[in-house]
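S.K.: model the following, please.
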Amino acid sequence: QVQVAESGGGWVQPGGSLTLSCAASERTFRDRAVGWFRQAPGKERTLITQISGNGNTKYYARAVKGRVTISRDNAKNTVYLQMNSLQPEDTAVYFCATAADFTARKPSDYDYWGQGTQVTVSS
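M.R.: Okay, the predicted model is just below:
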């Protein structure tokens, strides 16, 4: 059984929008923080946004603040990442992961990972 799985990646022109989804099993999702990371070729995997288990607390990295929105539907065990005003520098593989609590910031703090979904921004 797949524990965490991302979907919704693809190609988009600069200035465009994309929504990613992260579906998880209840065991890997319930009451756990969920983070979105991204990794561009040759670069480290970095956290861009995170949401607490109850959805009341959110974190946004400076690089994406104001352009992305994270949300979760606990009834569906799914987290969404709405991305707007995308630029070529947003091109990366986007990963979803879950952690025990909201203090998690590093990839090593996260327990369950999806396989990633490619987002390409180009004209």
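S.K.: show me the contacts for the residue nearest to residue 49 when sequence neighbours are not counted.
M.R.: Nearest residue to residue 49 in three dimensions, chain neighbours excluded: residue 70, at 4.5 Å (C-beta to C-beta, 6 or more residues apart in numbering). C-beta: built from backbone N, CA, C; applies to glycine. Counting by C-beta atoms under 8 Å, 6 or more residues apart in numbering, residue 70 makes contact with 34, 36, 49, 50, 51, 58, 60, 79, 80, 81, 82.
S.K.: and what of residue 53?
M.R.: Taking C-beta under 8 Å, 6+ apart, one finds 30, 31, 32, 33, 101, 102 in contact with residue 53.
S.K.: which of those lies closest to residue 122?
M.R.: Using C-beta to C-beta, the shortest approach to residue 122 within the contacts of residue 53 belongs to residue 33, at 32.0 Å.
S.K.: could you pull out the helices for the protein?
M.R.: For the chain, applying DSSP state H gives helices covering 26-29.
S.K.: tell me where it has strands.
M.R.: Under the criterion DSSP state E, the chain carries strands at the ranges 4-7, 10-12, 18-24, 33-39, 46-51, 58-60, 68-73, 78-83, 92-99, 112-113, 117-121.
S.K.: with distance to residue 106 as added columns, please give those strands in CSV.
M.R.: Converted to CSV, the strands of the chain look like this (distance: least, C-beta to C-beta, whole Å):
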stretch, distance to residue 106
strand 4-7, 17
strand 10-12, 28
strand 18-24, 18
strand 33-39, 10
strand 46-51, 8
strand 58-60, 13
strand 68-73, 18
strand 78-83, 19
strand 92-99, 10
strand 112-113, 13
strand 117-121, 21
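S.K.: now those strands as a markdown table including mean pLDDT?
M.R.: Putting the strands of the chain into a markdown table (pLDDT from 0 to 100) gives the following:
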| stretch | mean pLDDT |
| --- | --- |
| strand 4-7 | 96 |
| strand 10-12 | 98 |
| strand 18-24 | 97 |
| strand 33-39 | 97 |
| strand 46-51 | 98 |
| strand 58-60 | 97 |
| strand 68-73 | 98 |
| strand 78-83 | 98 |
| strand 92-99 | 97 |
| strand 112-113 | 96 |
| strand 117-121 | 98 |
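S.K.: perfect, I'm done here.
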